[in-house]
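A.B. asks: just need the structure, nothing else, for what follows:
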Amino acid sequence: MLKVKGNYTPFFLLFQSLIRGHMKPGQDAYINDKSCEFLQSHFTSGGSCLVVATKNGIAGHALIVEPSPAAPYHGMTNMPDMPSPITVSIIQALSSNPNMRGLQIGSILIKGWLQHAKQSGKDYALFEAHQDNHYSWKLAEKAGLSIHSAVTDPEDGAPLYNMIKKL
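C.D. replies: Sure, this is the predicted structure:
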């Protein structure tokens, strides 16, 4: 697994397009497409990306957000009683290559993220998943995160779970 800081934006956008192209009807709300501007801001403000690659290409990736006083963005939707943002590590846009499913890529990414969060001195790991995306939130539960709250995204009405793990 690689931790990428810097301009991974073009690769992220291509991979996001691959994922979007393989989604089934009704799964559109499972991912929030990240714009070029969002990604550039993410990387220039200290955000990173975990990437699992094989000899056959990118197997999966996930954005890592670790808010700071200088970059307080966290992206958690309406999470009640959220810990102080500077104490958390947040995983976003967790995606695996549809042609490489079954290789536990999501589990590898979550495990790597949790290790990174501990090494970074964070107290909490946060994860947000669409309530209908059972694979995503069940994967987080297997890694020790629990459902903290059920909320509705004010922008699109999507039902979400905010999940948390004390590190």
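
A.B. asks: can you tell me the closest non-neighbouring residue to the residue nearest the centre of the chain?
C.D. replies: Central residue of the chain (C-alpha atoms, centre = their mean): Q92, 1.8 Å from the mean position. Take Q92 and drop its neighbours on the chain: the residue closest to it by C-beta to C-beta, 6 or more residues apart in numbering is L63, 4.3 Å away. Yep, even glycine has a C-beta here, placed from its N, CA and C like the rest.

A.B. asks: list the residues that contact the residue nearest to the centre of the chain.
C.D. replies: A62, L63, I64, V65, G75, E128 (C-beta atoms under 8 Å, 6 or more residues apart in numbering).

A.B. asks: so it, which of the three states?
C.D. replies: Here Q92 is recorded as strand under DSSP: H, G, I helix; E, B strand; the rest coil.

A.B. asks: separation between it and Q131?
C.D. replies: Using C-beta to C-beta, to the nearest Å, Q92 is found at 17 Å from Q131.

A.B. asks: can you give me the helices in the protein?
C.D. replies: For the chain, the helices defined by DSSP state H cover 9-21, 36-44, 105-119, 134-142.

A.B. asks: next, the angle helix 134-142 makes with the longest one.
C.D. replies: Taking axes from the mean of the first three to the mean of the last three C-alpha atoms, to 10 degrees, helix 105-119 and helix 134-142 form an angle of 40 degrees between their directions.

A.B. asks: what average pLDDT does helix 105-119 get?
C.D. replies: The pLDDT scores in helix 105-119 average 96.

A.B. asks: give the buried residues for that helix.
C.D. replies: I105, G106, I108, L109, I110, G112, W113, L114, H116, A117 (16 or more other C-beta atoms under 10 Å).

A.B. asks: quick one: furthest residue from the center of the chain?
C.D. replies: Note on the chain: the largest C-alpha distance from the chain mean falls to K55, namely 23.5 Å (C-alpha atoms, centre = their mean).

A.B. asks: residue ranges with poor pLDDT in this protein?
C.D. replies: For the chain, the stretches flagged by pLDDT under 70 are 29.

A.B. asks: can you do 80?
C.D. replies: 1, 5-7, 26-32 (pLDDT under 80).

A.B. asks: so how far is G6 from A62?
C.D. replies: Applying C-beta to C-beta to A62 and G6 gives a distance of 16 Å.

A.B. asks: show me which of the two is the more surrounded one.
C.D. replies: A62 (22 against 9; other C-beta atoms under 10 Å).

A.B. asks: I appreciate the help and will end here.
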